[in-house]
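**Student:** Have a look; sequence and predicted model below, questions after that.
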Amino acid sequence: MRLAGGRNLFNRDPSKSVIQKNLSLVAYLPNKRTIIEWSYNMFSHNQQTISDLRDDLDQTRQVVISLMSQEIREILRSYTRCESRRDADCWRYDVVGEIIQRAEILPEEISHFSERAYCPLCGEGSSWQDDHGFSIPEGLRRHLLGNRCSIFRVALVLARQTWNKNFHAKEEGEARAAHTQKVKRKKSETLYRTTRCGPAELIDEGIGAATARKGCDLPWAENRLLHLGFEIVNDGKVKSYIYELDDLIVYADPRVEGEIKFAVYLKPASNRSRNGLRQASTVSWKSFHEYSQLQSTTGSTSRIPAARSGS
């Protein structure tokens, strides 16, 4: 058998055998174990390089802060005295206020209409050609809080690194304790199902920063819902407030103080998805205008009973 160019594939001469030449090349290829070792070594080297670069960057940030005056250094490094996330949230604004107080006001012949000063940290001023410095205090405050000051950005990065290191373990412990407490409460307290497919929740669960309705106020809200035609469904420890129409089903959520939320669904049909259409609206008890908030949801309120005025 001959190949192109007249070479014999089965030539007994090893120097001219194509098959033997290919086999000799395969012998030099690394095996799977060698490839894995190379990949691991390369990964370890890259990880070490990244770690070294991060250390160098942190040292550079510390050097930037150390170039400031002693008074400014003490202000910028005061983040180490924060003992909680609440302190950390206030630190940024407190420091900006102290920096503004130490700004050197420009002479009146330069700042004609208002007090102006350059940033005490980076030395920058307004980007407008005819303006010098920043207006005091609002212009300089926007410069510092708007991440435009390179020095203050460095201080914020160092502060966040320190806070994450100091508060991480404590926050994890608090989160585990809160989760354990929530699981314990769900075994004994009443739960509320306020949506069609969502889980049953505690009275203060999933409402964000809103205030949960007190236990003595909940019966009043339930009586209002009963007056409006809602049915209170008890399934063990789970309670639901439901109002059914021909093609709609409404879930009420009276857990938040001063308001009630409604979740409206289309009932499932053969040509409609099981979940149907969900739209929610919030109605305040102070302005409970005969379910006017549901008008845009259902398209018609004639089938929904209205609240009596003065009730």
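**Tutor:** Done, it's in. Keep in mind the model is a prediction, meaning the values are calculated, not measured.
**Student:** what does the domain assignment say about the chain?
**Tutor:** Following automatic domain parsing, the chain resolves into domains at 14-63, 73-171, 191-298.
**Student:** Out of these, flag the one nearest residue 181.
**Tutor:** Nearest of those to residue 181, taken as Cβ to Cβ: domain 191-298 at 10.4 Å. (C-beta placed from N, C-alpha, C; glycine too.)
**Student:** Over that closest one, what's the mean pLDDT, rounded is fine.
**Tutor:** In this model, domain 191-298 carries a mean pLDDT of 78.
**Student:** how far is that domain from where the chain is centred?
**Tutor:** 27 Å (Cα atoms, centre = their mean, to the nearest Å).
**Student:** The stretch 101-250 of the chain: helices as residue ranges?
**Tutor:** Along the stretch 101-250 of the chain, counting by DSSP state H, counting those that start in this stretch, helices occupy 138-145, 150-188, 218-227.
**Student:** Go through the longest one and flag the buried ones.
**Tutor:** This points to helix 150-188. In terms of neighbour count (16 or more other Cβ atoms under 10 Å), helix 150-188 has its buried residues at 151-156, 158-159, 163, 166-167, 186.
**Student:** what helix or strand does residue 90 sit in?
**Tutor:** Per DSSP states H and E: residue 90 is located in helix 85-101.
**Student:** Format the domains of the chain as TSV; extra columns: distance to residue 181.
**Tutor:** Listed next are the domains of the chain as TSV, based on distance: least, Cβ to Cβ, whole Å:
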stretch	distance to residue 181
domain 14-63	37
domain 73-171	15
domain 191-298	10
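**Student:** how about those domains, which one is nearest residue 177?
**Tutor:** Proximity to residue 177 (Cβ to Cβ) singles out domain 73-171 among the domains of the chain, at 10.6 Å.
**Student:** now the end-to-end length of the closest one.
**Tutor:** 29 Å (Cα to Cα, to the nearest Å).
**Student:** All the strands of the protein, in order from the start?
**Tutor:** 116-117, 134-135, 191-193, 231-235, 238-244, 248-253, 259-266, 278-284 (DSSP state E).
**Student:** how about those strands, which one is nearest residue 42?
**Tutor:** strand 134-135 (49.2 Å).
**Student:** what's that closest one packed up against?
**Tutor:** Packing contacts for strand 134-135, counted by 3 or more Cβ pairs under 8 Å, 6 or more residues apart in numbering; DSSP states H and E, involve strand 116-117, helix 138-145.
**Student:** now with 6 Å?
**Tutor:** Of the remaining helices and strands, none touches strand 134-135 by 3 or more Cβ pairs under 6 Å, 6 or more residues apart in numbering; DSSP states H and E.
**Student:** who touches that strand?
**Tutor:** Contacts to strand 134-135, defined as Cβ atoms under 6 Å, 6 or more residues apart in numbering, come from residues 114, 116, 126, 140, 143.
**Student:** Then stretch 124-132?
**Tutor:** 106, 110, 116, 118, 133-134.
**Student:** So which of the contacts of strand 134-135 is the closest to residue 49?
**Tutor:** For those, the nearest to residue 49 is residue 143 (35.5 Å; Cβ to Cβ).
**Student:** residues touching the closest one, list them.
**Tutor:** For residue 143, the contacting residues are 119, 134, 149, by Cβ under 6 Å, 6+ apart.
**Student:** Over to residue 163?
**Tutor:** Residues near residue 163 by Cβ under 6 Å, 6+ apart: residue 88.
**Student:** what's the spacing between it and residue 67?
**Tutor:** Using Cβ to Cβ, to the nearest Å, residue 163 is found at 23 Å from residue 67.
**Student:** Equivalent analysis for residue 256, please.
**Tutor:** 52 Å.
**Student:** swap in residue 186?
**Tutor:** Using Cβ to Cβ, residue 186 is found at 55 Å from residue 67.
**Student:** count of neighbours near residue 194?
**Tutor:** Using other Cβ atoms under 10 Å, the number of residues around residue 194 comes to 22.
**Student:** about what we covered before: of the helices of the stretch 101-250 of the chain, which is nearest residue 62?
**Tutor:** helix 150-188 (7.3 Å).
**Student:** quick one: average confidence on the closest one?
**Tutor:** Average pLDDT, helix 150-188: 92.
**Student:** Tell me how far that helix lies from the chain's centre.
**Tutor:** 14 Å.
**Student:** same check, this time on stretch 128-142
**Tutor:** Relative to the centre of its chain, stretch 128-142 is centred 32 Å away, using Cα atoms, centre = their mean.
**Student:** cool, and stretch 63-73?
**Tutor:** When C-alpha coordinates are averaged (Cα atoms, centre = their mean), stretch 63-73 and its chain have centres 33 Å apart.
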